[in-house]
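Asks: Dropping the sequence and predicted coords here.
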Amino acid sequence: MAINFIEPLYEVVRNQDRCIKCRVCENQCSNEVHRYDSDLKVMLSDETKCVNCHRCVALCPTKALKIVKSDNCFKENANWTQANMTSIYKQADTAGVLLSSMGNPEPLPVYWDKILINASQVTNPPIDPLREPMETRTFLGAKPKDIVKDKSGNIVNNLPPQLELSTPIMFSAMSYGSISYNAHESLARAATELGILYNTGEGGLHEDFYKYGPNTIVQVASGRFGVNKDFLNTGAAIEIKMGQGAKPGIGGHLPGQKVTADVSKTRMIPEGSDAISPAPHHDIYSIEDLRQLVYSLKEASDYKKPVIVKIAAVHNVAVIASGIARSGADIIAIDGFRGGTGAAPTRIRDNVGIPIELALATVDKRLRDEGIRDNVSLVVGGSIRSSADVVKAIALGADACYIATGALLALGCHLCRSCHLGRCNWGIATQRPDLTKRLNPDVGSQRLVNLIEAWTHEIKEMMGGMGINSIEALRGNRLMLRGVGLTEKELEILGIKHAGE
Amino acid sequence: MKRVYVNEKWCLGCRLCEYNCAFANSGMTDMVKALNNVTINPRIKVEKANGISFAVQCRHCKDPICVRACIAGALHLDEDGVIRIDDTKCVGCHSCVMACPYGAIMPSQKGVMQKCELCLQNSSKEPACVKGCPNHAIVYEER
């Protein structure tokens, strides 16, 4: 290549007065940005390789480093932005599909930030969660519609299998392969300690983690990687992945270099081969086909486990959810367009799908209108960033939330969005042994436990403020929400009033 | 007693422990002032080979052969279990260096020997290597 058209986005700024040349930045950077020049006796850096993951910044003992946005810019153009121009240069260089990782970073509306939560004053006083009981326990699964009695008048237990969560938050699907063994162990141990669930993603379940089965959701995706009878029977629930918020309408692709011996064994595919999940399930072309898979999985697991169907939030999500609620599925998981990924085509990640807030509101309403809301529980994900987002989601009608990006942040992720390169400096999205060991699950699981406990405290505080003492009483309680700066149409879809109304 | 233990499984070989050790024992309050343009001589050393790394410092043996080897009575096992060196007595004969099976005693810049004393009497008050380890590869605990 004669000319490099691509300019680095960041500059590595080193305060040479503070740098003690300990070379920690150098030995911690898998992108080989930093180097020591023994003639000059200084640390130098090559910012063209920097992904802005902040590993060096976080570990520098004298805080001598910072990463700043480069002001080296192309001529300003509101239409042909530097990002648009750079994309063209990249594709002209490589002829490739642009790849990205983690969630959609574009400045599209975040409805959570335009929704405000109520609090009680004077009448219906607030509740102090430190002094009075506050219930965050949540059960997921289909609820019986009728009370059935036998001939002698005793109530028949017709409750379908349920998942019990100590708090309405779960770790959503991330496969072993896309994330490391130690990241998985951190999630599994944290979920077990917290009394919630984590999700295997589509990569199967490593044999070491079968012991965490009661807190595991096992996933069956279009590639069927790692799916076998033991796998299905080990988890507390089985999730059929129809779609993912970051890349609706397409499958997954784990590059062969990430398919190490251990990943290959867990996925039941040859070592070094690319793991490609097809866009559709090749046996599902209708709700009736989906129903067959739901019941195949129930049959295989003796009707003891709830089946979750996960879909991406797309334009016709309400109709699709209505079909799923009639397919025998116990739980519907909806993933919004800001959901994360280990790798997705950039154009799809940034342009396909709809916001989870609107999808949730419309699905909940549709299922209620059709009288089938109790057929299923609703779990939503796709950028739940805080306990306030959880409270708003539940008030909009969700039973629980899935978090993944937030969980990875707790493990050290700095959202550099370079997972697809496989060189994660935080030991999360990589299979390189020298990098995966950077995430000690003793530390990782504790940080996850801390995060969820903190959120649970905050959820209790917010519920208490509203004068509500259980998740049950908050669920679908849209009167507790008000919109700010939203149009009539947006308020209508969200089913909430404007602030001041 | 609480001792420093190393778990090589989680050691990244980043050498932050060496720098934190050198700083804690420098007697200074600013790391840059203490360590800039200095070749450090820490009491903990990271050993690396074949992709494995771990940090080594004094094990504070219950029956320390360094103390037995000391010809000047400078090394002693204190009541709290910590092996300390009295550098006013050390004659720099290197007998302890030769005797220590872990290579955990080394000469200091002053000519006398130095070793890990768990930072209990310097400004850190607890092992600085443990406090600064980013991956809990060194722990200070009772076993």
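Replies: Looks like it came in fine.

Asks: longest helix of the chain?
Replies: With no chain named, the answer covers chain A. helix A:441-466 (DSSP state H).

Asks: oops, I was thinking of chain B
Replies: Secondary structure assigned by DSSP H gives helix B:16-24 as the longest helix of chain B.

Asks: For that one, which helices and strands make contact with it?
Replies: helix B:31-35, strand B:45-49, helix B:128-132 (3 or more Cβ pairs under 8 Å, 6 or more residues apart in numbering or on different chains; DSSP states H and E). Just so you know, the C-beta spots here come from the backbone N, C-alpha and C atoms, and that holds for glycine as well.

Asks: related to what we said a few turns ago, what's the mean pLDDT across the helix or strand just after the longest helix of chain A?
Replies: Downstream of helix A:441-466, the first helix or strand assigned by DSSP states H and E is helix A:471-474. On average, the pLDDT along helix A:471-474 is 96.

Asks: Not counting whatever helix or strand comes next after helix A:471-474 itself, show me its contacts.
Replies: Heading C-terminal from helix A:471-474, the first helix or strand you meet, by DSSP H and E, is strand A:481-483. Under the criterion Cβ atoms under 8 Å, 6 or more residues apart in numbering or on different chains, residues A:114-118, A:392, A:395-396, A:490-491, A:494, A:496-501 lie in contact with strand A:481-483.

Asks: got it, and stretch B:14-29?
Replies: A:20, A:22-24, A:27-28, A:59, A:61, B:31, B:34-35, B:38, B:40-46, B:55, B:57, B:114, B:116, B:119, B:122-124, B:128-129, B:131-134, B:138.

Asks: Same question for stretch A:116-133.
Replies: Stretch A:116-133 is contacted by residues A:134, A:388, A:391-392, A:395, A:457, A:460-469, A:479-484, A:499 when judged by Cβ under 8 Å, 6+ apart.

Asks: Separate out the buried members of those.
Replies: Using 16 or more other Cβ atoms under 10 Å in any protein chain shown as the burial test, those include A:134, A:388, A:391-392, A:395, A:457, A:460-469, A:480-483 as buried.

Asks: per-residue confidence at the most centrally placed residue in chain B?
Replies: By Cα atoms, centre = their mean, chain B has its centre lying nearest to residue B:116, at 2.7 Å. On pLDDT, residue B:116 comes in at 96.

Asks: Was I right to think it contacts residue B:58?
Replies: Yes: between residue B:116 and residue B:58 a contact is recorded at 4.1 Å, counting by Cβ atoms under 8 Å.

Asks: intersection of neighbour lists for those two?
Replies: Residues touching both residue B:116 and residue B:58 (Cβ under 8 Å, 6+ apart): B:43, B:104.

Asks: Kindly report the residues of chain B close to chain A.
Replies: B:9-10, B:12-16, B:19-20, B:23, B:31-32, B:35-38, B:51, B:132, B:134-137 (Cβ under 8 Å from any Cβ of the partner chain).

Asks: ok, is stretch A:250-263 in contact with chain B or not?
Replies: No: between stretch A:250-263 and chain B, judged by Cβ under 8 Å from any Cβ, nothing touches; the nearest distance is 14.9 Å.

Asks: Could you look up the SS state of residue A:40?
Replies: When classified by DSSP: H, G, I helix; E, B strand; the rest coil, residue A:40 comes out as coil.

Asks: picking that back up, quick one: buried ones out of the contacts of stretch B:14-29?
Replies: Neighbour counting with 16+ other Cβ under 10 Å marks A:20, A:22-24, A:27-28, A:59, A:61, B:31, B:34-35, B:40, B:42-46, B:55, B:57, B:114, B:116, B:119, B:124, B:128-129, B:132-134, B:138 as buried within the contacts of stretch B:14-29.
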